[in-house]
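Q: Give me coordinates for this.
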Amino acid sequence: MSYPDSSSFVSVEALYTRHNNWLRTWLRQKLGCPQQAADLAQDTFVRVLLRRDPITNSAPRALLSTIARGLVIDHWRRSALERAWLEALAQIPEAYYPSAEQQQITMQSLERIARLLDGLKPRSRNAFLLHQLAGLSYPEIAARLQVSTRTIERDVAAALLQCYRACYEER
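A: Residues are numbered from 1 along each chain as shown. Below is the predicted model:
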């Protein structure tokens with residue numbers, strides 16, 4: 001792999017100085033909240049700092065918007081999970097509320113599960129959820145998704161393998 005000559009590299013400081021306001025505006029349009037936009041802009045530049053590849057001056061906004069777009073998706077996913085979690089908490093008596101620490105652990109677990117499921121193909125994700133959460137058998141899932149039972153077996157096996165790998169990587 002060949003890199004451009006060193007004169008086309010740009011420092012993170014220069015990137016920040018030239019493009020931070022643009023990125024914050026871009027994020028504000030996506031999120032509708034200047035504070036969240038500022039937070040995600042900072043997170044974007046942290047990701048840039050952690051990159052191993054040198055930063056070139058060829059398309060800095062494309063780089064920033066690609067990183068920021070991923071952070072926005074993560075933000076939306078986290079917000080949806082938080083709303084679902086709060087709705088679930090509202091359904092139980094206050095005496096059974098988990099502690100703040102347990103709530104945080106639960107949210108972190110839900111975020112990991114969501115990331116894991118997002119890494120699956122849609123049919124595999126659906127088959128896995130129908131099997132694990134709805135308790136449907138493979139033939140029932142196959143009929144619902146209009147594929148063969150063998151296909152569902154492979155899809156669920158792939159999802160379980162993904163779960164296993166995720167658990168193994170955490171240890």
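
Q: Report the separation between the spatially most central residue of the chain and Gln36.
A: In the chain, the centroid-proximal residue (CA atoms, centre = their mean) is Asp74; its distance is 4.0 Å. Counting by CB to CB, to the nearest Å, the gap from Asp74 to Gln36 is 12 Å. From N, CA and C alone the C-beta is placed, and that goes for glycine too.

Q: likewise Leu86?
A: For Leu86, the distance to Gln36 (CB to CB) stands at 18 Å.

Q: Pick out whichever of those two has more residues nearby.
A: Using other CB atoms under 10 Å, the more surrounded residue of Leu86 and Gln36 is Gln36, with 16 against 10.

Q: hang on, the more buried one packs against Leu27?
A: Yes. Using CB atoms under 8 Å, Gln36 is in contact with Leu27, at 7.5 Å.

Q: and the longest helix along the chain, what does it pack onto?
A: Scanning the chain for the longest helix, with DSSP state H as the assignment, gives helix 60-90. When contacts are defined as 3 or more CB pairs under 8 Å, 6 or more residues apart in numbering; DSSP states H and E, helix 60-90 packs onto helix 12-31, helix 34-50, helix 100-118.

Q: Distance from the chain centre to it, please.
A: The chain centre lies 7 Å from the centre of helix 60-90; the measure is CA atoms, centre = their mean, to the nearest Å.

Q: buried stuff in that helix?
A: For helix 60-90, burial by neighbour count (16 or more other CB atoms under 10 Å) applies to Pro60, Leu63, Leu64, Ser65, Ile67, Ala68, Leu71, Val72, Asp74, His75, Leu81.

Q: ok, back up a step: mind putting the helices and strands packed on helix 60-90 in a markdown table, distance to Leu130 and mean pLDDT included?
A: Below are those laid out as a markdown table (distance: least, CB to CB, whole Å; pLDDT from 0 to 100):
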| stretch | distance to Leu130 | mean pLDDT |
| --- | --- | --- |
| helix 12-31 | 32 | 92 |
| helix 34-50 | 34 | 93 |
| helix 100-118 | 13 | 84 |
